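[1] My questions are about this predicted structure, shown below with the sequence.
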Amino acid sequence: MDRDKIKGIAGTVIFHALLLVMLIFLALRTPLPLPEEAGVEVNLGYSDEGMGEIQPRELAMGEAIPAPSQPAVSNEDIVTEDTEEVPAIQPVSKEKPAEVVKTEPRPAVKPEPKPEPQPVVNQNAMFKGMKGSSSQGGNQGTTGKPGDQGKPTGDPNAQGYDGSGGAGGGVSFSLEGRTRRQIPPPPNTFRDRGTVVVTIYVNRAGEVTRISAPARGSTTSNAELIRLAKDAAMKARFSAKEDAPEEQMGTITYIFELN
């Protein structure tokens with residue numbers, strides 16, 4: 001920092017210091033002596049009450065100031081009456097509350113449940129379990145006439161007599177874009193009835209790769225029927241489809257019925 005700036009700063013500090021000292025001793029000092037307090041002029045008078053605009057003469061020495069007059073006290077006896085007629089209070093009659101008649105609630109009548117209609121089952125589309133030997137020898141069918149009822153393209157172990165032929169009269173399947181090559185029926189060793197729906201997963205070659213049961217639509221939880229349906233479903237084969245998903249899902253429905 002050059003010397004001129006130092007001199008300028010020093011001069012500025014000294015100037016402001018002197019200015020502050022002058023303000024303290026000249027402008028901020030209280031003037032002495034202090035001025036006396038000023039009063040308020042009051043009118044001359046000899047009483048606390050008066051009226052008019054004319055100043056009266058001064059009272060002579062010894063002249064008494066008239067005392068204010070006191071009201072005269074009457075000597076008559078004041079008769080007061082302590083008793084006072086009070087109107088008689090009539091008793092208020094309370095109205096009796098109306099009696100509430102309690103009615104016992106009637107028990108709610110529960111509507112009788114409607115019986116669920118029993119599903120009508122096509123007897124010709126059922127697997128027959130534990131079937132006995134026929135008394136008609138080589139005759140088979142339901143028409144009551146001699147002969148072997150059925151179709152030339154049918155399965156000799158099938159129990160259905162209506163349709164276009166083929167295996168599994170009690171079997172139906174759902175698999176989009178495929179036809180069945182083989183859906184073997186379960187063996188007739190079961191001793192219960194019901195419907196088992198098996199979910200199947202088929203590869204592009206038409207083979208069943210995995211299954212799960214019972215699926216939606218099943219009407220039984222019998223372990224024997226479910227096992228027979230699952231074993232039969234794993235042996236099912238369908239037509240190949242190259243543009244199908246790697247694993248296509250479908251269902252096979254097995255209907256079991258006793259004689």
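    The structure has been received and is ready for your questions.

[2] my guess is Ile211 contacts Val202, does it?
    No. Counting by Cβ atoms under 8 Å, Ile211 does not reach Val202; the two are 10.1 Å apart. C-beta: built from backbone N, CA, C; applies to glycine.

[3] When those two are compared, which one has more neighbours?
    Between Ile211 and Val202, counted using other Cβ atoms under 10 Å, the more crowded position is Val202 (24 against 19).

[4] Around the residue lying closest to the more buried one once chain neighbours are set aside, how many other residues sit close by?
    Using Cβ to Cβ, 6 or more residues apart in numbering and skipping the chain neighbours, the partner closest in space to Val202 is Gln248 (5.0 Å). As a burial measure, Gln248 scores 19 neighbours (other Cβ under 10 Å).

[5] now Tyr201: how far from Glu247?
    5 Å (Cβ to Cβ, to the nearest Å).

[6] Could you check which of these two is surrounded by more residues?
    Neighbours per residue (other Cβ under 10 Å) separate Tyr201 from Glu247, with Tyr201 holding more: 16 against 12.

[7] Go ahead and name everything in contact with the host helix or strand of that one.
    Tyr201 belongs to strand 194-202 when assigned by DSSP states H and E. Strand 194-202 has contacts (Cβ atoms under 8 Å, 6 or more residues apart in numbering) with 173, 175, 178, 208-220, 222, 225-226, 229-230, 233, 236, 238, 244, 247-256.

[8] Within its sheet, name the partner strands of it and how each one runs.
    Neighbouring strands of strand 194-202 in its sheet, by DSSP bridges, are strand 208-212 (antiparallel), strand 248-258 (antiparallel).

[9] Need the ones you listed in JSON lines (columns: distance to His16).
    JSON lines is the format used below for these (distance: least, Cβ to Cβ, whole Å):
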{"stretch": "strand 208-212", "distance to His16": "100"}
{"stretch": "strand 248-258", "distance to His16": "98"}
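
[10] so which of those gets nearest Phe25?
    Ranking the strands paired with strand 194-202 by proximity to Phe25 (Cβ to Cβ) places strand 248-258 first, at 109.0 Å.
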